[in-house]
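# Let me see the structure of the following:
(2 chains)
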Amino acid sequence: AQKVTQAQTEISVVEKEDVTLDCVYETRDTTYYLFWYKQPPSGELVFLIRRNSFDEQNEISGRYSWNFQKSTSSFNFTITASQVVDSAVYFCALNRYNQGGKLIFGQGTELSVKP
Amino acid sequence: DAGVIQSPRHEVTEMGQEVTLRCKPISGHDYLFWYRQTMMRGLELLIYFNNNVPIDDSGMPEDRFSAKMPNASFSTLKIQPSEPRDSAVYFCASSPLSGRALAGELFFGEGSRLTVL
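Numbering: from 1, shown residues only, chains lettered A, B, ... in the order given. As a prediction, the model looks like this:
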């Protein structure tokens, strides 16, 4: 069975703090993909990143970075120098090879960045 | 460019009534997905289409739910009869052929919030 766990339901930080959102996954597949999506207050989900199971390189995009560790089945997301606009619900997701849109989502972490 | 457009944004109805949710995908996208979001179950895939053909409807809860895609620019999700437990936010998403679709990069609409009294 496949499963994604985001243990942090809510996180509150003050602007400019760094924050890490945790994601732990379970799968028996050797080939799979991991994702992060952002859901701002407007409601739609916005794709942030995809990682395949063979690529454990960390990824950095501006203030965002992702740490993928197969040994611990984790795919954590760090926001550096957080801003109020980062306030949203963030979802980690998993899918099997070649089942693109059939994502298994975690329960989400609500991030609140206060000025 | 216009994103995925869903209507209505909010719907309040009474138990037993028929509900129809509508979706216009991004032009040129070949995949269309319907997801449902609830507090209890989170985000779950209901059904998806490729080139207007339903590919996987294993997530559709029961026979009260049906989805159609009569052409590349329109899809509906119908609930008949509706029940209070159907209350949720229903998302439509689309994705271009191969590549991004297989990669799980979906473009979501803003959702339709359904409340069944």
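# so who does the one residue sitting closest to the centre of chain B touch?
Residue closest to the mean C-alpha point of chain B, counted by CA atoms, centre = their mean, is residue B:34 at 2.8 Å. By CB atoms under 8 Å, 6 or more residues apart in numbering or on different chains, the residues touching residue B:34 are B:23, B:45, B:46, B:47, B:48, B:67, B:75, B:77, B:90, B:91, B:92. Glycine gets a C-beta too; all of them are placed from N, C-alpha and C.
# And for residue B:33?
Shown in contact with residue B:33 (CB under 8 Å, 6+ apart): A:101, B:45, B:47, B:48, B:49, B:91, B:92, B:93, B:94, B:95, B:106.
# Please apply the same query to residue A:6.
By CB under 8 Å, 6+ apart, residue A:6 lies in contact with A:21, A:22, A:23, A:24, A:90, A:91, A:92, A:106, A:107, A:108, A:109.
# Which phi and psi values does the closest residue to it other than its chain neighbours adopt?
Computed as CB to CB, 6 or more residues apart in numbering or on different chains, the closest residue to residue A:6 that is not its neighbour in sequence is residue A:106, at 3.8 Å. When read as degrees, to the nearest 10, the backbone of residue A:106 gives phi -80, psi 180.
# Show me which residues of chain A are close to chain B?
Residues of chain A lying near chain B by CB under 8 Å from any CB of the partner chain: A:33, A:35, A:42-47, A:50, A:91, A:93, A:95, A:98, A:100-103, A:105-108.
# switch to 7 Å and redo it
Residues of chain A lying close to chain B by CB under 7 Å from any CB of the partner chain are A:33, A:35, A:42-45, A:47, A:50, A:91, A:95, A:98, A:100-103, A:105, A:107.
# can you tell me which of the contacts of residue B:33 lies nearest to residue B:27?
residue B:94 (9.3 Å; CB to CB).
# Just send the contacts of residue B:34 back as a markdown table, with secondary structure, distance to residue A:69 and neighbour count too.
Converted to a markdown table, the contacts of residue B:34 look like this (DSSP: H, G, I helix; E, B strand; the rest coil; distance: CB to CB, whole Å; neighbours: other CB atoms under 10 Å in any protein chain shown):
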| residue | secondary structure | distance to residue A:69 | neighbour count |
| --- | --- | --- | --- |
| B:23 | strand | 37 | 25 |
| B:45 | strand | 27 | 23 |
| B:46 | strand | 32 | 19 |
| B:47 | strand | 34 | 22 |
| B:48 | strand | 30 | 26 |
| B:67 | strand | 38 | 20 |
| B:75 | strand | 38 | 24 |
| B:77 | strand | 38 | 23 |
| B:90 | strand | 35 | 22 |
| B:91 | strand | 30 | 27 |
| B:92 | strand | 34 | 28 |
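# Run through the residues you listed and flag the ones next to chain A.
B:45, B:48, B:91.
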